[in-house]
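In: structure of the sequence below:
(chains A, B, C and D)
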Number of protein chains: 2
Amino acid sequence: MSLNRKPPTMADIARVAGVSSMTVSRAFKADSLISLETRTAILTAAEELGYVFDSTASNLRSQKTGFVAVTIPSINNANFADTIAGLSEALAARNMQTLLGYTNYDLDNEERLIEQLLRRKPEAMVVTGGQHTLRARKLLENARIPVIETWDVPANPIGYYVGFSNATAVRGMVDHFVAVGYQRIAFLGGDAGGDIRGSERRRGFIQAMTAHGLDSSRLIPAGPPPISMREGAVAMASLLEDHPDTDAVICVSDLSAFGALTECQRRNIAVPQEIAIGGFGNYEIGSIAVPALTTVDVRAREIGKTAAALILDLLDGAENVGQRAIEPTLLVRESSR
Amino acid sequence: MSLNRKPPTMADIARVAGVSSMTVSRAFKADSLISLETRTAILTAAEELGYVFDSTASNLRSQKTGFVAVTIPSINNANFADTIAGLSEALAARNMQTLLGYTNYDLDNEERLIEQLLRRKPEAMVVTGGQHTLRARKLLENARIPVIETWDVPANPIGYYVGFSNATAVRGMVDHFVAVGYQRIAFLGGDAGGDIRGSERRRGFIQAMTAHGLDSSRLIPAGPPPISMREGAVAMASLLEDHPDTDAVICVSDLSAFGALTECQRRNIAVPQEIAIGGFGNYEIGSIAVPALTTVDVRAREIGKTAAALILDLLDGAENVGQRAIEPTLLVRESSR
DNA sequence: ATGAAAGCGCTAACAG
DNA sequence: CTGTTAGCGCTTTCAT
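Out: Alright, predicted model coming up:
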């Protein structure tokens, strides 16, 4: 393994093992017709020479990379991280590699990212959300690979989608709050442009409140994404000052809901006796907090797993592949009863 | 953009633009000598044809991929996610792509992963921790690329490292607890084999307690990683039963520390009046919890940023590049005073 | 500033 | 089961 010699290639192994480089190539493929002894000799020679298979050459020649490209808003969010974990795990089982890109909640960033990722020749592309720049959409349409939009049910899907309606999910939560007896309900977050899923949730809140004949104007801004715990606490403080008669608050995510809860703790406001709290996303914090937070389980991990299964089916040449909807579940916990 | 024609190549653009394919190649490189009008004509033709640059060919011919491969135990951990965010962001600014692999806290998985990632011909490799299988180490040593171990200070580094001593960091926290007056201190977690950073923290606890002449036997197991909030709550329950006279507990991470805190809340045990709690890692939850948690800020994001800067320096041919230590900071908050 | 020729290291396609 | 030939789409190198 001298530092000044170039790394060995299949041709080098072929020479040592006394075979052609094509046979060496076959020895590295699991399901190829090759005699056991030839393969053993080749693998031994390869190990001795310190050979490392060169994917870049294989990728070019075979026109297959084993990449699946994915864009998510941010890695610093347990929901998206769960989706990636579910996706990566399922793909890794088939020796495919996830290529990740972060949009930072910005559609122009997403467009640039998609363009860059497509240059790597992924065999499928997964994007978060059903909203994209016109050019991003065109790039995806022309890419001749399966495209999967997630975390949403796009009005006009590019290809496939694996997701749910954020607005509908929140409507279900509002129905629960109203059924339990709350009326003066506020919504925290969903005000910022970049946070499409957040604004969809807020829209669902307004729709549901209107349907119940209730006042939907208690909308507390939480600022631009990422909206995390601290933003929830700050927004809760302003809610308590601006609308002191509020009896429940639905937050754009469990993180902001937990932040809101801590603000109540600091002010000795009993949850849910004086004010009920709902979150969104089923983050671990919601199940552990005291009181535990009512939330919507969006099955983040399952979104990833389902997207991966869909991709593998499509790459295997499956024909009758339908859209795959994810059904969120309302989890009623201590914070709203 | 008919579906049955193969995608255009540089040769196709060259034909349309009336130049050679070499000139087309130059038009796509930022710093190449080419007249403005030629470049404009080429880029226009490319856009019309719906051309997408093919990295796989470029990678093979130029023997550069723009990849940096990284292994982390899990993506579902805000600390590691922060490191990846810092790393990816800095690399993306130089058009490099992060290739992520998850070891799931297992050194054999890590070995397999490293082997697979090296086939992609990354230009540098970042691994979490300074402990690896013999074969993994050999693979990295032979890879002829910069290797950076993170989240640790390896006794015998493979190449470079960007990290800190987990044991030393915990010793600092024990010193603080003792200085404030706590004596019957327990350690929660760090018992599982796969969780090397956790067991290092536990080791630091035992060392420090011994140095202070205190009993270091209050070691509460939390099970195999990932150790999250729930495990902290469960372990806290068993601590309270087995060692009811404990006056402080240091947890392997802020997540388990928060879980421990919730167990105290459920039992109406005042923190820190009846029992103090320390965490590790400076997760957001620690700063938001009521009471806020004393913790160690390990600068997870900075680890990633520093590793990226180191890699870029090395790829730029920097010569006098030293190791880069990260200095963790003790953050004393309400849970221990 | 542009072009011609060659080849990166592997594998598809075909032959035997 | 194994070998030969050619070529994937770029970019290095050398010329002009």
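In: all strands of the stretch 151-300 of chain A, in order?
Out: Applying DSSP state E, counting those that start in this stretch to the stretch 151-300 of chain A gives strands spanning A:160-163, A:185-188, A:219-220, A:248-251, A:276-278, A:295-297.
In: write out the residues of chain A neighbouring DNA strand D.
Out: A:18-23, A:26, A:33-35, A:38-39, A:57, A:60-61, A:63 (Cβ under 7 Å from any atom of the strand). Glycine gets a C-beta too; all of them are placed from N, C-alpha and C.
In: looking at pLDDT only, which of these scores worst?
Out: Lowest pLDDT within the residues of chain A next to DNA strand D is found at residue A:33 (83).
In: identify the residues contacting that one.
Out: By Cβ atoms under 8 Å, 6 or more residues apart in numbering or on different chains, residue A:33 lies in contact with residue A:26.
In: tell me which element it falls in.
Out: Here residue A:33, judged by DSSP states H and E, is contained in no helix and no strand.
In: kindly report the same for the one 10 residues further on.
Out: Residue A:43 is part of helix A:36-49, with elements assigned from DSSP H and E.
In: same for that helix, what does it pack against?
Out: helix A:10-17, helix A:21-27 (3 or more Cβ pairs under 8 Å, 6 or more residues apart in numbering or on different chains; DSSP states H and E).
In: narrow the residues of chain A next to DNA strand D to those that are buried.
Out: Neighbour-count burial (16 or more other Cβ atoms under 10 Å in any protein chain shown) is assigned, among the residues of chain A next to DNA strand D, to A:19, A:23, A:26, A:34, A:38, A:39, A:60.
In: and which of those residues is nearest residue B:208?
Out: Minimum distance to residue B:208 across these is 54.4 Å, recorded for residue A:39 (Cβ to Cβ).
In: for the closest one, which non-adjacent residue is spatially closest?
Out: Excluding the flanking residues, the one nearest residue A:39 by Cβ to Cβ, 6 or more residues apart in numbering or on different chains is residue A:27, at 4.6 Å.
In: residues contacting the one you found?
Out: Residue A:27 makes contact with A:34, A:38, A:39, A:42, A:43, A:46, according to Cβ under 8 Å, 6+ apart.
In: if we use 6 Å, what do you get?
Out: The contact partners of residue A:27, by Cβ atoms under 6 Å, 6 or more residues apart in numbering or on different chains, come to A:34, A:39, A:42.
In: same question, residue A:314
Out: residue A:146.
In: just to revisit the earlier point, and the buried ones among the residues of chain A next to DNA strand D as a markdown table, adding distance to residue B:91?
Out: As requested, these are exported to a markdown table (distance: Cβ to Cβ, whole Å):
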| residue | distance to residue B:91 |
| --- | --- |
| A:19 | 40 |
| A:23 | 38 |
| A:26 | 36 |
| A:34 | 39 |
| A:38 | 42 |
| A:39 | 38 |
| A:60 | 23 |
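In: what's the farthest-apart pair in those?
Out: That would be A:38 and A:60, which, of those, are the farthest apart (Cβ to Cβ) at 26.0 Å.
In: residue A:255 and residue B:301, how far apart?
Out: According to Cβ to Cβ, to the nearest Å, residue A:255 stands 18 Å off from residue B:301.
In: so residue A:188 sits right up against residue A:220, yeah?
Out: Yes. Residue A:188 is in contact with residue A:220 according to Cβ atoms under 6 Å; the separation is 4.6 Å.
In: overlap in contacts of the two?
Out: Between them, residue A:188 and residue A:220 share these contacting residues under Cβ under 6 Å, 6+ apart: residue A:235.
In: out of the two, which sits in the busier spot?
Out: Of the pair residue A:188 and residue A:220, residue A:188 is the one with more neighbours under other Cβ atoms under 10 Å in any protein chain shown, namely 32 against 26.
In: let me know the pLDDT of that one.
Out: Residue A:188 carries a pLDDT score of 98 in this model.
In: need the contact list for it.
Out: By Cβ under 6 Å, 6+ apart, residue A:188 lies in contact with A:220, A:222, A:235, A:249, A:251, A:256.
In: related to what we said a few turns ago, any idea how far the helix holding residue A:43 is from the chain center?
Out: Centre-to-centre, helix A:36-49 and its host chain are 42 Å apart (Cα atoms, centre = their mean, to the nearest Å).
In: re earlier: state the distance from the residue nearest to residue A:39 to residue A:51.
Out: 11 Å.
In: kindly report the same for residue A:226.
Out: As judged by Cβ to Cβ, residue A:226 and residue A:51 stand 44 Å apart.
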